[in-house]
Structures are given as C-alpha cells and as structure tokens.
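A.B. asks: next input, structure requested:
(one chain, ligands or ions: 2)
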Amino acid sequence: MERIKQALERARIERLNREGGHDVVELASSPKRIDAPHTEPSARLVPRTQEVFWPSLNARRVVGGPEASALVDTYRVLRTQVLQRMTNAKMRTLGITSANPGEGKSLTAANLAISLAKKVPVLLVDADLRRPSIRQLFDLGPPTGLAEYLTGDNDIEECIFNPGIDMLNILPGGAPCINSSELLVSPKMLELVEALKRSDASRLIIFDLPPLLTADDALAFSPHVEAALLVVEEGKTTAAELERATELLQGTHLLGSVLNKSTQTHAAYYSYN
Ligand SMILES: Nc1ncnc2c1ncn2[C@@H]1O[C@H](COP(=O)(O)OP(=O)(O)OP(=O)(O)O)[C@@H](O)[C@H]1O
Ligand SMILES: [Mg+2]
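C.D. replies: Ligands and ions are numbered 1, 2, ... in the order given. Here you go, the predicted model:
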C-alpha cells in the first residue's frame with residue numbers, strides 16, 4: 001500500500017508539473033513537504049482486512065469459496081479467456097458494463113475478479129458511484145470507499161479492503177453520488193488509476209461500471225480503461241441496445257460479451273467477438 005501512496009504522490013507532482021507554476025518546483029524539490037503526509041503515525045496505513053463469510057456471499061450468487069458450484073467453472077472459463085486476451089495485449093484495466101441497469105454487471109465483475117485473483121493480483125473497483133453495490137455483495141464494513149476518497153481527505157488505504165480471497169483487493173464505491181460522471185473523470189480519479197497501475201505491474205484492475213445507455217458515466221470513463229466486457233441479459237437486452245452500446249465503446253478494446261442469465265445453461269454463458 002505504501003507503493004500506492006508513493007505512486008499517487010508522484011502522479012500528483014507530475015500533474016502539477018504539467019500544469020506549471022512555482023509551487024510545483026518547490027514541491028518537487030522539497031522532500032520534506034513531499035514526505036510530510038506519509039510520516040504521520042497512523043494505523044490507517046494498513047489496508048483493512050475483512051474476511052468474507054462465504055455462505056452469505058453464495059446467497060447473492062458470489063462464488064469461488066470452498067463450496068462446489070457449476071457457476072465457479074463457468075467463471076473459470078471466462079477468466080481464462082479474459083486473462084489470455086489481456087496478457088497478450090499487455091492490458092491491465094478492464095471495465096465491465098452493459099446497456100441497461102440490472103443486467104448482471106456487478107455480479108459478473110465480482111465473480112470474474114474472484115476467479116482471476118487465484119492467478120494474478122486483482123483490484124476490484126466499484127466505479128458505479130451512482131448505485132454502488134460491491135460493498136453489499138461482499139458484506140464489507142462501513143461506507144468509506146471511492147466516493148469518499150475522491151471527495152474528501154481519506155487516504156486510499158482507508159478505502160481498500162483485503163477480503164481474504166487469494167490475491168483480491170476491493171475498492172468499494174462509498175455513499176451514492178449524483179455527480180458521479182464528473183468524479184469518475186476527475187484528475188484525482190485518473191491519477192489514482194495511474195498510481196494503482198504503477199504500484200504493481202502484475203495487478204489487473206477490474207472496474208464495475210454503470211450501464212451505458214442510462215447515464216454518461218461509463219462512456220466518459222471508457223477511454224481510461226484498456227479493455228471492456230459487455231454484459232448482455234438474455235431475453236432483456238435488445239439487439240438495438242447491444243448495437244448502440246457497442247458503438248459507444250468504439251474507442252475501447254471490446255474483449256467480448258457475456259450472455260448472462262441464460263436459459264441455455266444453468267449458469268451464465270459467455271460469447272466473444
Ligand atoms: N447469472 C445470473 N443468474 C441469476 N441472477 C443473476 C445473474 N446475474 C445477476 N443476477 C441477479 O440480477 C440482479 C442484478 O444483478 P447486478 O447487480 O449484478 O446487475 P447490474 O447490471 O450490476 O445492476 P445495476 O445496473 O443496478 O448496477 C441481482 O439480483 C443479481 O443477483
Ligand atoms: Mg451494478
């Protein structure tokens with residue numbers, strides 16, 4: 001976590017340097033001032049560990065613990081394909097979105113993140129600041145999350161959880177925000193993404209995004225993820241909505257689509273472009 005703090009500080013200084021100004025020169029050449037925030041003695045620097053209770057997660061269809069489940073195998077197939085494609089293209093950030101609300105983005109993001117975390121370090125970020133749900137899916141503690149980090153003085157370490165699941169860390173959303181799309185593309189958010197990428201070159205960052213067709217959040221943030229997965233709900237997402245959603249993601253590498261709530265299998269079914 002200390003590496004994340006250092007990377008954030010570097011990103012902040014780089015941004016200030018880009019913007020110009022005297023303060024910048026002074027900050028960059030003043031180790032005392034740069035180090036000041038890190039020297040405060042505080043237990044907050046330790047990431048929060050909060051082990052999950054699997055039966056409770058399973059009740060919400062979050063799988064990957066000691067239980068046997070056909071769903072686990074399905075997500076393993078998805079994991080393998082996502083990992084291959086992202087590794088081959090040297091991509092480390094993945095946004096999960098869909099056309100409409102309720103099509104299964106958050107559940108897909110959660111289960112894919114759990115499955116990936118058996119192989120590589122993963123940070124699952126709830127980037128649906130309007131309707132965050134990752135905290136509730138994992139039964140995580142008090143509402144300090146991405147929204148509080150972006151709007152307040154919280155350290156990032158206060159907001160990231162270690163749920164005790166392999167190499168998974170979680171940055172939940174926090175209290176619901178109205179100005180979510182502005183926050184998602186704010187300099188502080190973009191610096192955070194860069195700092196998180198820089199602090200661990202082997203980490204994949206999975207963003208649970210809002211739906212594409214009901215707000216501009218996912219569209220605004222999509223240039224800042226390298227790859228995207230589009231969740232499609234069988235019998236609900238129409239061909240026209242899927243086409244429109246795909247068009248909106250044109251600037252982002254679309255890894256494929258996930259056919260969710262499919263009646264063809266007892267779990268979910270995945271298809272790729
Ligand atoms: N494959 C599935 N089988 C059965 N139920 C599912 C499946 N995927 C999601 N659900 C259920 O559908 C509901 C919506 O799922 P989820 O919250 O993941 O959707 P979402 O797209 O993230 O919604 P929102 O747009 O509100 O963020 C939840 O109750 C979830 O348990
Ligand atoms: Mg969701």
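
A.B. asks: briefly note if stretch 67-81 comes near ligand 1.
C.D. replies: No. If you take C-beta under 6 Å from any ligand atom as the test, stretch 67-81 misses ligand 1, and the best it gets is 7.7 Å. (Glycine included, C-beta is placed from N, CA and C.)

A.B. asks: so where is the stretch 1-150 of the chain shaky, pLDDT-wise?
C.D. replies: 1-5, 7-47 (pLDDT under 70).

A.B. asks: residues in it within reach of ligand 1, list them.
C.D. replies: Residues of the stretch 1-150 of the chain lying near ligand 1 by C-beta under 6 Å from any ligand atom: 60-61, 98, 101-107, 128, 131, 133.

A.B. asks: those residues into CSV, with extra columns for secondary structure and distance to residue 179?
C.D. replies: Shown next, in CSV, are these (DSSP: H, G, I helix; E, B strand; the rest coil; distance: C-beta to C-beta, whole Å):
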residue, secondary structure, distance to residue 179
60, coil, 28
61, coil, 31
98, strand, 22
101, coil, 19
102, coil, 23
103, coil, 24
104, coil, 26
105, helix, 21
106, helix, 21
107, helix, 26
128, coil, 14
131, coil, 14
133, coil, 19
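
A.B. asks: nearest to ligand 2 among those residues?
C.D. replies: residue 106 (3.3 Å; C-beta to the ion).

A.B. asks: now do the same contact list for the closest one.
C.D. replies: Going by C-beta atoms under 8 Å, 6 or more residues apart in numbering, residue 106 touches 126, 128, 133-134, 137, 208.

A.B. asks: neighbouring contacts of stretch 83-93?
C.D. replies: Defining contact as C-beta under 8 Å, 6+ apart, one finds that stretch 83-93 is touched by 94, 116, 119-120, 193, 197, 201, 203-205, 207, 224-227, 253, 255-256.

A.B. asks: just the buried residues out of those residues, in ChimeraX syntax.
C.D. replies: Selecting the buried subset of the contacts of stretch 83-93 in ChimeraX, with 16 or more other C-beta atoms under 10 Å as the burial test, is done by:
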select :94,116,120,193,197,203,204,205,207,224,225,226,227,255,256
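
A.B. asks: just the ones of the contacts of stretch 83-93 in helices?
C.D. replies: 116, 193, 197 (DSSP state H).

A.B. asks: surely residue 53 and residue 139 touch.
C.D. replies: Yes. Counting by C-beta atoms under 8 Å, residue 53 does reach residue 139; the two are 6.5 Å apart.

A.B. asks: neighbour count winner among the two?
C.D. replies: Neighbour comparison, residue 53 and residue 139: the larger count goes to residue 139, with 15 against 12 (by other C-beta atoms under 10 Å).

A.B. asks: separation between the more buried one and residue 118?
C.D. replies: From residue 139 across to residue 118, the span is 20 Å (C-beta to C-beta, to the nearest Å).

A.B. asks: residue 190 in helix, strand or coil?
C.D. replies: helix (DSSP: H, G, I helix; E, B strand; the rest coil).

A.B. asks: pLDDT score assigned to the residue nearest to it when sequence neighbours are not counted?
C.D. replies: Distances taken as C-beta to C-beta, 6 or more residues apart in numbering put residue 224 closest to residue 190, at 6.2 Å, once the chain neighbours are dropped. Listed pLDDT for residue 224 reads 97.

A.B. asks: ok, residue 245 - contacts?
C.D. replies: Per C-beta under 8 Å, 6+ apart, neighbours of residue 245: 97-99, 212-213, 230.
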